[in-house]
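[1] have a look at this prediction, sequence included:
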Protein chains: 2
Amino acid sequence: MDINFPNNEPIFPIRTAAKLLNISIHTLRMYEKEGLIIPYKRSSKQRLYSKDDIERIECIRRTINEDKISINGIKTILSLIPCWQITGCNERKNGCSAFYEHSKPCWALKHENNYCTNRDCRECLVYKNYANCSTIKAEIRDLTHNLP
Amino acid sequence: MDINFPNNEPIFPIRTAAKLLNISIHTLRMYEKEGLIIPYKRSSKQRLYSKDDIERIECIRRTINEDKISINGIKTILSLIPCWQITGCNERKNGCSAFYEHSKPCWALKHENNYCTNRDCRECLVYKNYANCSTIKAEIRDLTHNLP
DNA sequence: AATAGTTGATACTTATAGATATTAAAAAAG
DNA sequence: CTTTTTTAATATCTATAAGTATCAACTATT
């Protein structure tokens, strides 16, 4: 049996993912509805989770259960990621709401007629690299490090 | 009766402040212990609150009760303020923990032998100007706006 | 065919964060 | 000189967020 799938390959259906995480299927769907995770979806709309997805969800659970940060708190923190810097987008004048929004992460916003219209948020560095407060703080720190 | 005190003048003792805010004295002390507010203190250690303090606390309460962001969430969000940019501090090499900490705001950290040792956090722009998510996002946006 | 997943709605449980209350002894305020 | 504030500890209340369960009608997987 080959269990050496690439970490980013979506292989676990929702029931398996829930079992791996020791949570209910409904909780997984809830996290998704809140915009905390973006599972892979087959054309048939069925969700599949990768090892990376599982790790991300474990991270989110620690933030909720150990750090005692509410889901709305996490959403707000994720909304503070300067996505325009990470993606190279410069649509500020067009008023992309990601510049101003602070109630949910950019990937939970509408992407109509903007830089992200044809980008896949699941594959975006903004989504992939910034699932916890540590990396978000590091990004802000690094971006402002050498400013005048 | 002159009620036209400057907004930043600490005039209300804790009982009055609690009454103005319609909360208990204990809650005010709790917010302080959590590092959300820095009331003025007389040499006798008695707390006094200004109109600005009252407004700040009202803002915090809205974040808790309406936005449903937990206190730990608020503390983490406040820890993301790039204080070094706002104060002009450049002590990164000395390892000021404000550069890395993401569990509480900079003004709740120790200030021994660093740029902030003799600064009064209550009077600091980092504390005064960034009590809510909107201004924090705006700061991050403005700082990273014209970056390469 | 049998098993598992979909959306969407509703109802329910539970763990706990946020807030309050009550001590007490000492100091300060007015 | 009465009232209020202080710290610190403990105990309690309550509103609700997080999580679970169950329904139904439908679709996909194997």
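    Cool, got the structure. Numbering: from 1, shown residues only, chains lettered A, B, ... in the order given.
[2] so, low pLDDT: which residues of chain A?
    A:1-3, A:93-94, A:146-148 (pLDDT under 70).
[3] please repeat the previous calculation with a cut-off of 90.
    Low-confidence segments of chain A, defined by pLDDT under 90: A:1-10, A:42-45, A:88-96, A:110-114, A:118, A:129-135, A:138-148.
[4] where do the strands sit along it?
    A:12-13, A:40-41, A:47-49 (DSSP state E).
[5] among those, which is nearest chain B?
    strand A:47-49 (25.7 Å; Cβ to the nearest Cβ). Where C-beta positions appear, they are placed from N, C-alpha and C, glycine not excepted.
[6] which secondary structure elements does that closest one contact?
    strand A:12-13, helix A:14-21, helix A:25-33, strand A:40-41 (3 or more Cβ pairs under 8 Å, 6 or more residues apart in numbering or on different chains; DSSP states H and E).
[7] the third one to helix A:14-21, inter-axis angle?
    By that I understand helix A:25-33. Interaxial angle of helix A:25-33 relative to helix A:14-21 (axes from the mean of the first three to the mean of the last three Cα atoms, to 10 degrees): 100 degrees.
[8] do helix A:25-33 and chain B meet?
    No. With Cβ under 8 Å from any Cβ of the partner chain as the criterion, chain B is not reached by helix A:25-33; the gap is at least 14.6 Å.
[9] please name every helix or strand in contact with that helix.
    By 3+ Cβ pairs under 8 Å, 6+ apart, helix A:25-33 packs against helix A:14-21, strand A:47-49, helix A:51-65.
[10] now A:Lys41, nearest residue through space, not along the chain?
    In space, and not counting its chain neighbours, A:Lys41 is closest to A:Arg47: 5.9 Å by Cβ to Cβ, 6 or more residues apart in numbering or on different chains.
[11] show me the contacts for the residue nearest to A:Ser97 when sequence neighbours are not counted.
    Excluding its sequence neighbours, the residue lying closest to A:Ser97 (Cβ to Cβ, 6+ apart) is A:Leu109, at 5.5 Å. By Cβ atoms under 8 Å, 6 or more residues apart in numbering or on different chains, the residues touching A:Leu109 are A:Ser97, A:Ala98, A:Glu101.
[12] next: A:Thr76.
    A:His102, A:Ser103, A:Lys104, B:Asp67, B:Ile69, B:Gly73, B:Ile77, B:Cys133.
[13] what number of residues lie near the fourth one?
    Number of residues near B:Asp67 (other Cβ atoms under 10 Å in any protein chain shown) recorded here: 18.
[14] that older thread, now the phi/psi pair for the residue nearest to A:Ser97, please.
    Note on A:Leu109: backbone dihedrals following degrees, to the nearest 10 are phi -90, psi 170.
[15] how much space between it and A:Thr117?
    To A:Thr117, A:Leu109 is 12 Å away according to Cβ to Cβ, to the nearest Å.
[16] same deal with A:Glu32?
    Taking Cβ to Cβ, one finds A:Glu32 at 21 Å from A:Thr117.
[17] who has more neighbours out of those two?
    A direct count of neighbours by other Cβ under 10 Å for A:Glu32 and A:Thr117 places A:Glu32 higher, at 16 against 9.
[18] next, the contact list for that one, please.
    A:Ile38, A:Pro39, A:Arg47.
[19] how does it look with 7 Å?
    A:Pro39 (Cβ atoms under 7 Å, 6 or more residues apart in numbering or on different chains).
[20] what's the distance between it and A:Arg122?
    11 Å.
[21] centroid residue for chain A?
    A:Tyr127 (4.0 Å; Cα atoms, centre = their mean).
[22] show me the contacts for that residue.
    Per Cβ under 7 Å, 6+ apart, neighbours of A:Tyr127: A:Ile38, A:Trp107, A:Cys121.
[23] ok, the first one touching A:Trp107?
    Yes. Distance between A:Ile38 and A:Trp107: 6.4 Å, which falls inside the contact criterion (Cβ atoms under 7 Å).
[24] what do these two both touch?
    A:Cys121, A:Tyr127.
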